[in-house]
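Enquirer: only geometry, no sequence info:
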C-alpha cells in the first residue's frame, strides 16, 4: 500500500507531483490552522507544509496521527512550521528541501562578493542618481582570484559557496563545529577558529545557521580584527551579528560589508547602513532565483526514497536540527 502524504498546499510542479503520485497517495488540504489540520490526519503517513508565519505541525497534530511516520516542509528549513524536536523524539522522519537552495544561494553570494570587490553596485548607483561619469570616484578595485576567503559554517550552503569559490582561489578557510581537521585537509581546506578567520582572510562569508548559541556570534572584536579593505558578507541571518557594533566598526574602519540579511527586517529606513558606500545591501533575496523551485523535484526525490524504505537525503538528525535556522 502506498504511503498517504498530506500536503497543506498545492504542489506547483506537475512533473514532481506525477513522481510523488507514482509512489504515494497524495492528498491536498489547504490549511495552516493546526486545529483544523488535526482533523485531517487520522490515517496519513506523512504531512508536508509550506512556509507560513506560524507553527503548523504541532505536537497536537502529530499526536492526532497514529500512523504518522514522516513530516516535512516545502522549503529549506523546518523549525518555523514544524516542532522538529518533538517529531524526532517520536521517531518520525523530518525532511525539507534545503538541497534546492544551495546553488541559488551560492551564486548570489558570489555576486555579492564580486560586486563589492569591483564596486559595480556603487558605480551603477551614482550613474543612476546624477553623476554622469563617476569613473574616478573610487581607487583601484580588486579581483577575487587568489584572495584568501573564510567561510563560517560548512553545512549545505557553506559547502556550495566553497565549491564556487574554488574557481577563484585555493586559499579557503572554514570555521565549522562539525568538520574535523582530517576532513578539512582532505577537502583542501584550512580549518580555523572564528577570530582567526577574521584576522587572516580578505573575504569572510557568514553561512551558518541561526539558533540560540549563534545569536550575536559576530561582535565588534571580529570587525576590529579584519584587515583593512577586507569584506564581510552575510547571507545567513542578521541576528547572528551584533548590528550596532558592526555599524560602528564600518563607520570607523576601512572595511566593507555585503549584507542580504539584517537584525531587524525590513531594515529601518534611517539605518546608517543605507548611507555608506562601504556597504552593499539587498533585501533578503539570496533564495529568490527561479531555480529554487527545483524544491518540488527535491521533495519528490526524498519521497521516492521514503516509499522505498530508504532514509531521505534531507532527513534531520537531532544534531543537524539543533544547528539549523528556522527557514
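Expert: In hand now; what should we look at? Note that the structure is predicted; figures quoted are calculated from it, not measured.
Enquirer: going forward, measure contacts between C-alpha atoms and count neighbours the same way
Expert: Fine.
Enquirer: Pass me the low-pLDDT residue ranges in the stretch 1-150 of the chain, would you?
Expert: Within the stretch 1-150 of the chain, no range satisfies pLDDT under 70.
Enquirer: Would you map the helices across it?
Expert: Secondary structure of the stretch 1-150 of the chain (DSSP state H, counting those that start in this stretch): helices at 14-23, 34-38, 59-63, 84-89, 102-118, 120-128.
Enquirer: Please list the outside residues in contact with the fourth one.
Expert: Around helix 84-89, the neighbours that count as contacts under CA atoms under 8 Å, 6 or more residues apart in numbering are 59, 62, 71, 78, 93-94, 317-318, 321.
Enquirer: buried set for that helix?
Expert: Of the residues in helix 84-89, 84-85, 87-88 count as buried by neighbour count, 16 or more other CA atoms under 10 Å.
Enquirer: In CSV: these, plus distance to residue 247.
Expert: Formatted as CSV, the buried residues of helix 84-89 follow (distance: CA to CA, whole Å):
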residue, distance to residue 247
84, 35
85, 35
87, 40
88, 40
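Enquirer: of all the helices of the stretch 1-150 of the chain, which lies closest to residue 168?
Expert: helix 102-118 (10.3 Å; CA to CA).
Enquirer: packing partners for that closest one?
Expert: Judged by 3 or more CA pairs under 8 Å, 6 or more residues apart in numbering; DSSP states H and E, the packing partners of helix 102-118 are helix 156-165, strand 231-234, strand 256-259.
Enquirer: Please read off the pLDDT at residue 318 from the model.
Expert: On the pLDDT scale, residue 318 is placed at 88.
Enquirer: ditto for residue 215
Expert: Note on residue 215: pLDDT of 97.
Enquirer: And for residue 327?
Expert: pLDDT for residue 327: 56.
Enquirer: same deal with residue 186?
Expert: pLDDT recorded at residue 186 is 97.
Enquirer: Secondary structure class of residue 244, three-state.
Expert: With DSSP: H, G, I helix; E, B strand; the rest coil as the basis, residue 244 sits in helix.
Enquirer: cool, and the one 3 residues further on?
Expert: Assigned by three-state DSSP, the conformation of residue 247 is helix.
Enquirer: go on, residue 321?
Expert: Per three-state DSSP, residue 321 ends up helix.
Enquirer: re the thing from before, nearest to residue 301, out of the helices of the stretch 1-150 of the chain?
Expert: Closest among those, using CA to CA: helix 14-23, at 8.5 Å.
Enquirer: Can you give me the buried ones in the closest one?
Expert: 16-17, 19-21, 23.
Enquirer: so for stretch 266-275, what's the average pLDDT?
Expert: With pLDDT averaged residue by residue, stretch 266-275 scores 98.
Enquirer: Identify all contacting residues around it.
Expert: Residues contacting stretch 266-275 (CA under 8 Å, 6+ apart): 247, 279, 281, 283.
Enquirer: List the contacts of residue 162.
Expert: 151, 172.
Enquirer: Now do it, the pLDDT please.
Expert: Note on residue 162: pLDDT of 98.
Enquirer: now do the one 3 residues further on
Expert: Each residue has a pLDDT score; the one for residue 165 is 98.
Enquirer: Tell me how many other residues crowd it.
Expert: 22 (other CA atoms under 10 Å).
Enquirer: List the beta-bridge partners for residue 233.
Expert: Beta-bridge pairing of residue 233 under DSSP bridges involves residue 205, residue 258.
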